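Novice: I would like the atomic coordinates for the input below:
(chains A, B, C and D)
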2 protein chains.
Amino acid sequence: MPTLRSRRLDYSESTRSALVESAVELFTKRGYAGTSLDEVAKRARVTKGALYHHFSGKQALFEAAFDAVESLVYDRLQKIMTGKGTAWERALGGLKAFIGSCLDPAYQRIAIHEAPVVMGWERWREAEEQCSFGLVRSGLQLLVDAGEVEPVPVEVTSRLLFGALSSAATEIASAADPKKVGAEIEDVIVRMLLRVRRPADEVPERPAAG
Amino acid sequence: MPTLRSRRLDYSESTRSALVESAVELFTKRGYAGTSLDEVAKRARVTKGALYHHFSGKQALFEAAFDAVESLVYDRLQKIMTGKGTAWERALGGLKAFIGSCLDPAYQRIAIHEAPVVMGWERWREAEEQCSFGLVRSGLQLLVDAGEVEPVPVEVTSRLLFGALSSAATEIASAADPKKVGAEIEDVIVRMLLRVRRPADEVPERPAAG
DNA sequence: CGGCCAACATACCACGGGTATGGCCGGGCA
DNA sequence: TGCCCGGCCATACCCGTGGTATGTTGGCCG
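Specialist: Modelled structure (predicted):
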């Protein structure tokens, strides 16, 4: 049996998560520069002292918020892309799910827009390496390995694709009709993929069901 | 003959441009949040009073810096894309020039990265509408109108293309070998374009150039 | 049960954006 | 030429906010 969790640890973890949750909300609504730490603390029903006990500063708090929103998207995509179906089906499912995730205002403003500026591009890049960008790349790699598409340079192409999708994210979310724009964008991307798709008879071997 | 410019106007305009130049340098080096107005004024050999006489605030100063770096790129691309050659040649020339422009640290950090965050995405978008993004779209429109490529949805596609190029910009500039990465990216984009290019016999009329 | 330390609260500092006010000089006018 | 006006800019100041240093409490362990 696991050693009994102490009461103190429960409290501590609770306030920490409350702070992160508060930070996510405020950073999403007013942006990084527009939110004060007092405000974050107040919404979490604590003071700045608690905040600085759990985080070394405003940047660290932001990174915690970043991790929070990023992990949600990551988990969703992870499940889809390692799930059932052919490589093609999984890749397209991942694409659809990613576009859908971009409709979340928190993910959009925190992870896509402000993170590179706040965390610094270098740090953001290496964080994305193991998060959503990593999945985009592995998705493309999946298609190439399965012989579904012609061998494009995966590294460069996935960077371009991620950039396109990221910018499309904002376009979708701020459009008058997000569903419609989202569908249009998905359509264009899929058409692009279809252009590099190998005809079925060239595919090495592919069972009828993944 | 033009009315004699007064001495005062010369001075005023001079200090204003000095402020903008100073702002561009510091915003590029230390980012928007990392540069103080006192610093900007000091480098321009004036005080904050002068700064606030010419600009309503820090944001306005940033937008002036944004306009400065953006207009440089715009003028270059404008010349190329309205110059000589077939639509295909001009579009490719514009693509090459845009990637080249993205190597400028000022354009990259100010116009591409921080502008959407500092100015707000909405305002940034409408500014880009008449700047570099406008040229990307008109370039694509050029190809479609000339019948060089199949009729893709220009609006959405150019947004995706611009996003891809923007993110590629940072990738290129921060790479160990920018020239090489830049060439790779350009190659991938061109290959994509070639995939939607119409065979020669379908193009209305086009000289032997290619 | 007594001390101890993590988990906070409180008080304070420093810096930087913004503002109010004062001074200076070029330039139009008499 | 004298003079004052107004644009151009400097100086002094305010205050919100990130960060720090110190005080306080309550759960856990001996």
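Novice: please count neighbours and contacts with C-alpha atoms only from this point.
Specialist: Fine.
Novice: need the contact list for the residue nearest to A:Thr170 when sequence neighbours are not counted.
Specialist: Distances taken as Cα to Cα, 6 or more residues apart in numbering or on different chains place A:Gln108 nearest to A:Thr170, at 6.9 Å, with adjacent residues excluded. Neighbour list for A:Gln108: A:Cys102, A:Ala169, A:Thr170 [criterion: Cα atoms under 8 Å, 6 or more residues apart in numbering or on different chains].
Novice: let me know the helix or strand that the second one is in.
Specialist: It refers to A:Ala169. According to DSSP states H and E, A:Ala169 maps onto helix A:154-173.
Novice: look up how far A:Ser14 lies from the residue nearest to A:Arg43 when sequence neighbours are not counted.
Specialist: Spatially, and ignoring its direct neighbours in sequence, A:Arg43 is nearest to A:Ser22 (6.2 Å; Cα to Cα, 6+ apart). Distance of A:Ser22 to A:Ser14, computed by Cα to Cα, to the nearest Å: 12 Å.
Novice: which of these two has more residues huddled nearby?
Specialist: More neighbours surround A:Ser22 than the other of A:Ser22 and A:Ser14, with 20 against 12 (other Cα atoms under 10 Å in any protein chain shown).
Novice: and the more buried one, which of the three is it?
Specialist: helix (DSSP: H, G, I helix; E, B strand; the rest coil).
Novice: quick check: it touching A:Asp38?
Specialist: No. If you go by Cα atoms under 8 Å, A:Ser22 and A:Asp38 don't touch, sitting 11.1 Å apart.
Novice: next, A:Pro153: phi, psi?
Specialist: For A:Pro153, the backbone dihedrals (degrees, to the nearest 10) come out as phi -70, psi 110.
Novice: who touches the closest residue to it other than its chain neighbours in this structure?
Specialist: Closest residue in space to A:Pro153, ignoring its immediate chain neighbours: B:Val188 at 7.9 Å, by Cα to Cα, 6+ apart. B:Val188 makes contact with A:Pro153, A:Val156, A:Thr157 under the criterion Cα under 8 Å, 6+ apart.
Novice: run through the residues of chain A sitting next to DNA strand C.
Specialist: Selection of chain A residues close to DNA strand C by Cα under 7 Å from any atom of the strand yields A:8-9, A:11-13, A:15-16, A:45-50, A:53.
Novice: residue ranges with poor pLDDT in chain A?
Specialist: For chain A, the stretches flagged by pLDDT under 70 are A:1-5, A:200-210.
Novice: what angle do the helix or strand containing A:Leu194 and helix B:154-173 make?
Specialist: Here A:Leu194 sits within helix A:178-195, counting by DSSP H and E. Put simply, helix A:178-195 runs at 70 degrees to helix B:154-173, going by axes from the mean of the first three to the mean of the last three Cα atoms, to 10 degrees.
Novice: which positions within helix A:178-195 qualify as buried?
Specialist: Across helix A:178-195, burial judged by 16 or more other Cα atoms under 10 Å in any protein chain shown covers A:Pro178, A:Val181, A:Gly182, A:Glu184, A:Ile185, A:Glu186, A:Val188, A:Ile189, A:Leu193.
Novice: repeat that for stretch A:124-138.
Specialist: Applying 16+ other Cα under 10 Å to stretch A:124-138 flags A:Trp124, A:Arg125, A:Ala127, A:Cys131, A:Ser132, A:Phe133, A:Gly134, A:Leu135, A:Val136, A:Arg137, A:Ser138 as buried.
Novice: thanks a lot, catch you later.
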